[in-house]
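Colleague: Sequence isn't available, so here's the structure alone:
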């Protein structure tokens, strides 16, 4: 996910808080003031939820035996002419950056049903590092 996308999600989350309090942008209240009135901190729930679901989807795509389409797209092996400019960050690169693991390790840990608890542990630890509860965020 690009930095610009992350900042848009953060801004949308603050907008949601302002809408809950019925605070107009004309009131010129700071984000800190709005968060204090809500009784919460800036924890970026939505952004953390997006990252968590991305990791969960990797496990789903790796274990799906019906089609290799998800794996092909996941690994970025589609045939197309590359456009100009910097190559976009692939799905695998984003997950590797989030977990600190390489593609082969991600595939092994998310695919094997015996050690699936290990993959779920990785997802939960990353959510804990982001200070969210995955079950609360999914509701």
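Modeller: Great, that's in hand. Please read these numbers as outputs of a predicted model, since none were measured by experiment.

Colleague: Residue 12 contacts residue 47, doesn't it?
Modeller: No - between residue 12 and residue 47 there is no contact under Cβ atoms under 8 Å: 9.8 Å. Backbone N, C-alpha and C define where each C-beta goes, glycine included.

Colleague: So for those two, which residue has more residues nearby?
Modeller: Comparing residue 12 with residue 47 by other Cβ atoms under 10 Å, the one with more neighbours is residue 47, at 19 against 11.

Colleague: and the closest residue to that one other than its chain neighbours, how far is that from residue 55?
Modeller: Nearest non-adjacent residue to residue 47, counting by Cβ to Cβ, 6 or more residues apart in numbering: residue 9, 5.1 Å away. Remark: distance between residue 9 and residue 55 (Cβ to Cβ, to the nearest Å) = 17 Å.

Colleague: More neighbours: those two, which one.
Modeller: The neighbour comparison of residue 9 against residue 55 (other Cβ under 10 Å) goes to residue 55, with 22 against 16.

Colleague: In contact with the more buried one, which residues?
Modeller: Residues near residue 55 by Cβ atoms under 8 Å, 6 or more residues apart in numbering: 95, 98, 99, 122, 123, 126.

Colleague: Quickly find the element holding the residue nearest to residue 47.
Modeller: Per DSSP states H and E: residue 9 is located in helix 3-21.

Colleague: hmm, who's touching that helix?
Modeller: So helix 3-21 is contacted by 25, 31, 34, 35, 37, 38, 40, 44, 45, 46, 47, 50 (Cβ under 8 Å, 6+ apart).

Colleague: which of the residues you listed are buried?
Modeller: 34, 44, 45, 47 (16 or more other Cβ atoms under 10 Å).

Colleague: Lowest pLDDT pick from the residues you listed?
Modeller: Scanning the buried ones among the contacts of helix 3-21 for pLDDT, the low point is residue 44. It has 73.

Colleague: number of nearby residues for the spatially closest residue to that one that is not a sequence neighbour?
Modeller: Nearest residue to residue 44, sequence neighbours excluded (Cβ to Cβ, 6+ apart): residue 10, at 6.2 Å. Residues near residue 10, counting by other Cβ under 10 Å, number 15.
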